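Trainee: sharing a sequence plus its predicted fold:
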Amino acid sequence: MDHWAAVGIGLDSDTMRLTRTTEEWLIAGDELRDQLAALFGHSSPIEQIGSAAVLGLLAKPVVDLALGLTTAIQLAGVTATLETAGWIYRGDAGESGGHVFVLETRPGHRIAHLHVVELGGAQWMNYLQFRDLLRSSTEARLIYELEKVRLSDRHGNDRAAYTEGKTAVVTSLLASAMQQAQVQAQAYHPATMTAEAPPSVLEPIAGVDLAMFARISAGLAQYGYDQTQAVGLAAAQGIDSTSWQTALDGWNQRIAAHPVVAQRFTAFYPGRG
């Protein structure tokens with residue numbers, strides 16, 4: 001067993017799996033970051049990002065890193081240096097990930113992704129802000145995990161669809177965090193934010209209102225968000241399996257799309273309000 005497999009890092013390209021980030025993963029991320037820093041020195045800052053940089057969060061067992069590209073450093077030179085070190089260039093993902101490199105221990109089995117983006121640009125700032133939000137906010141971690149589990153259940157081993165599906169909730173959480181910061185800075189009462197929610201996005205879905213959805217979700221957390229347990233929890237609230245699935249999809253979509261719904265959800269979630 002190689003070093004990376006021994007600490008639980010590594011995933012086949014045709015497989016989708018979520019497990020909780022451990023201290024060993026964080027150390028592995030530090031090792032890879034230090035290896036890259038040795039290649040580039042202080043010319044290009046490197047940060048560990050993503051769910052695998054947040055202790056205890058459900059994540060794919062793959063380290064995610066971002067390298068900040070400055071105007072003084074040419075992409076061609078970065079690519080040549082990385083390829084010499086064993087990284088494989090996968091192309092320009094644009095706003096969905098910048099220039100993407102992967103590190104594999106064998107063909108099709110990756111242990112790390114590296115996103116090369118403009119230092120201080122929107123992608124760089126979003127990567128760091130979202131990582132720090134997940135590290136500091138229990139509510140953000142909860143909402144993000146629920147959506148990740150839903151997407152994983154829906155898309156199976158289709159990692160591209162899973163990754164694309166996370167865009168909405170990431171955008172919503174970042175927007176919500178910015179909104180909260182602005183409200184705090186201006187000393188507004190939280191009630192002013194709830195007034196922005198269109199009434200339709202707070203209406204029950206298939207007989208499940210947001211407060212009930214939060215209670216069932218809280219009960220599901222004790223089973224590691226195993227959706228097979230959800231039917232019994234919903235039945236205890238008088239909700240059949242078909243209605244629960246409709247409510248699950250609907251409320252997760254609203255939470256991802258509307259910061260105010262996300263805020264209400266965390267307020268209703270037992271122990272989070």
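Mentor: Arrived safely, thanks for sending.

Trainee: mind saving the C-alpha coords of the one helix or strand residue 90 maps to as CSV?
Mentor: For residue 90, the element it lies in under DSSP states H and E is strand 88-92. C-alpha atoms of strand 88-92 as CSV (Å, rounded to 0.1, in the frame of the first residue of the first chain):
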residue,chain,number,x,y,z
ILE,A,88,-0.8,16.0,-15.8
TYR,A,89,-2.4,19.0,-17.5
ARG,A,90,-6.1,18.5,-18.1
GLY,A,91,-6.8,21.8,-19.9
ASP,A,92,-8.4,25.2,-19.1
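
Trainee: helices along this protein, start to end?
Mentor: Counting by DSSP state H, the chain has these helices, from start to end: 3-6, 23-40, 75-84, 122-136, 138-155, 159-165, 167-186, 191-194, 210-221, 230-235, 241-257, 259-268.

Trainee: out of these, which is closest to residue 66?
Mentor: Each of the helices of the chain has some distance to residue 66 by CB to CB; the shortest is helix 122-136, at 4.9 Å. All C-beta spots, glycine's among them, are computed from the backbone N, C-alpha and C.

Trainee: quick one: buried residues of that closest one?
Mentor: 123, 124, 126, 127, 130, 131, 133, 134 (16 or more other CB atoms under 10 Å).

Trainee: just the residues you listed now: which is nearest residue 260?
Mentor: Of all the buried residues of helix 122-136, residue 260 sits closest to residue 133, with 17.2 Å by CB to CB.

Trainee: show the contacting residues for that closest one.
Mentor: 140, 173, 174, 177 (CB atoms under 8 Å, 6 or more residues apart in numbering).

Trainee: pick out the most distant pair among the residues you listed.
Mentor: 140 and 174 (9.3 Å).

Trainee: between those two, which is the more surrounded one?
Mentor: More neighbours surround residue 140 than the other of residue 140 and residue 174, with 24 against 17 (other CB atoms under 10 Å).

Trainee: now stretch 102-118: buried residues?
Mentor: In stretch 102-118, counting by 16+ other CB under 10 Å, buried: 102, 103, 104, 110, 111, 112, 113, 114, 115, 116, 117.

Trainee: CA atoms of that stretch as PDB?
Mentor: Presented in PDB, the C-alpha positions along stretch 102-118 are these (Å, rounded to 0.1, in the frame of the first residue of the first chain):
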ATOM      1  CA  VAL A 102      -4.000  16.200 -11.700                       C
ATOM      2  CA  LEU A 103      -1.600  14.000  -9.800                       C
ATOM      3  CA  GLU A 104      -2.000  10.200 -10.100                       C
ATOM      4  CA  THR A 105      -0.300   7.300  -8.400                       C
ATOM      5  CA  ARG A 106      -1.400   5.100 -11.300                       C
ATOM      6  CA  PRO A 107      -3.300   5.700 -14.500                       C
ATOM      7  CA  GLY A 108      -6.800   6.800 -13.700                       C
ATOM      8  CA  HIS A 109      -6.200   6.900 -10.000                       C
ATOM      9  CA  ARG A 110      -5.800  10.500  -8.800                       C
ATOM     10  CA  ILE A 111      -4.700  11.800  -5.500                       C
ATOM     11  CA  ALA A 112      -4.800  15.600  -6.100                       C
ATOM     12  CA  HIS A 113      -6.100  18.400  -8.300                       C
ATOM     13  CA  LEU A 114      -4.300  21.700  -8.800                       C
ATOM     14  CA  HIS A 115      -6.200  24.700 -10.000                       C
ATOM     15  CA  VAL A 116      -3.900  27.400 -11.500                       C
ATOM     16  CA  VAL A 117      -5.800  30.700 -11.400                       C
ATOM     17  CA  GLU A 118      -4.900  34.400 -11.400                       C
END
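
Trainee: how far does that stretch sit from the chain's center?
Mentor: Relative to its chain's centre, stretch 102-118 lies at 18 Å (CA atoms, centre = their mean, to the nearest Å).

Trainee: circling back: could you dump the contacts of residue 133 into TSV and include pLDDT and distance to residue 249?
Mentor: Shown next, in TSV, are those (pLDDT from 0 to 100; distance: CB to CB, whole Å):
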residue	pLDDT	distance to residue 249
140	92	21
173	89	19
174	88	22
177	80	24
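
Trainee: looking at those, spot the one nearest residue 65.
Mentor: Using CB to CB, these come closest to residue 65 at residue 174, 19.6 Å.
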